[in-house]
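[1] could you look at this predicted model? Sequence included:
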Amino acid sequence: MIIHSSGTILYFDSTGTFKSFSNDLYTNNDSLIWGEPGVELNYGKWKTATDKIIVDKQLVEKTFSMLYPKMGIIQTDTFNIVGDTLIRNRKTKFIAVKLVSKEIRDFLNRDWSQWQEKNGK
């Protein structure tokens, strides 16, 4: 059974790099797969502070029209961990996904600094 939804994948690596990828997403069996071509990409750095994760990020790519956020402006998000859920800015909840498709893994593992350079950063 395939289920469709819009969502965001958060990627925190061991070097402090943060990436977020918003898109229409589908589940196919237990795996998360890429949906429609519209995408929003954020890139930045993360660090821990006491019981929080603090992320400084900027929008580096969008393929659909939206007014906010603006490209290249640094934004700060704070994540709290409650059980197995991340809560961003005391509002949005993120849950762990068991599997993502190879296409999404490969995309998240690419060097996103190219978008910073493209946007004059």
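    Cool, got the structure.
[2] check the gap between the residue lying closest to residue 62 once chain neighbours are set aside and residue 83 for me.
    Leaving out its chain neighbours, the residue that sits closest to residue 62 by CB to CB, 6 or more residues apart in numbering is residue 40, at 4.9 Å. Every C-beta, even on glycine, is put in place using the N, C-alpha and C of the backbone. Applying CB to CB, to the nearest Å, the value for residue 40 to residue 83 is 27 Å.
[3] kindly report the same for residue 93.
    From residue 93 to residue 83 the distance is 11 Å (CB to CB).
[4] ok, now residue 99?
    20 Å.
[5] then residue 102?
    29 Å.
[6] so for those two, which sits in the more crowded spot?
    Legend: neighbour count by other CB atoms under 10 Å for residue 102 and residue 83, higher for residue 102 (10 against 6).
[7] ok, which stretches of this protein are helices?
    Remark: helices assigned in the chain by DSSP state H are 102-109, 113-118.
[8] weakest of those in terms of mean pLDDT?
    Mean pLDDT values for the helices of the chain show the minimum at helix 113-118, a mean of 61.
[9] how about the strands in the chain?
    For the chain, applying DSSP state E gives strands covering 2-12, 17-28, 31-49, 52-62, 74-82, 85-88, 92-95, 99-100.
[10] between those, which one is closest to residue 110.
    Among those, strand 17-28 comes nearest to residue 110, with 9.2 Å by CB to CB.
[11] measure stretch 77-87 end to end?
    10 Å (CA to CA, to the nearest Å).
[12] any idea how far it is from the chain center?
    14 Å (CA atoms, centre = their mean, to the nearest Å).
[13] with stretch 50-69 instead?
    Using CA atoms, centre = their mean, the offset of stretch 50-69 from its chain centre is 8 Å.
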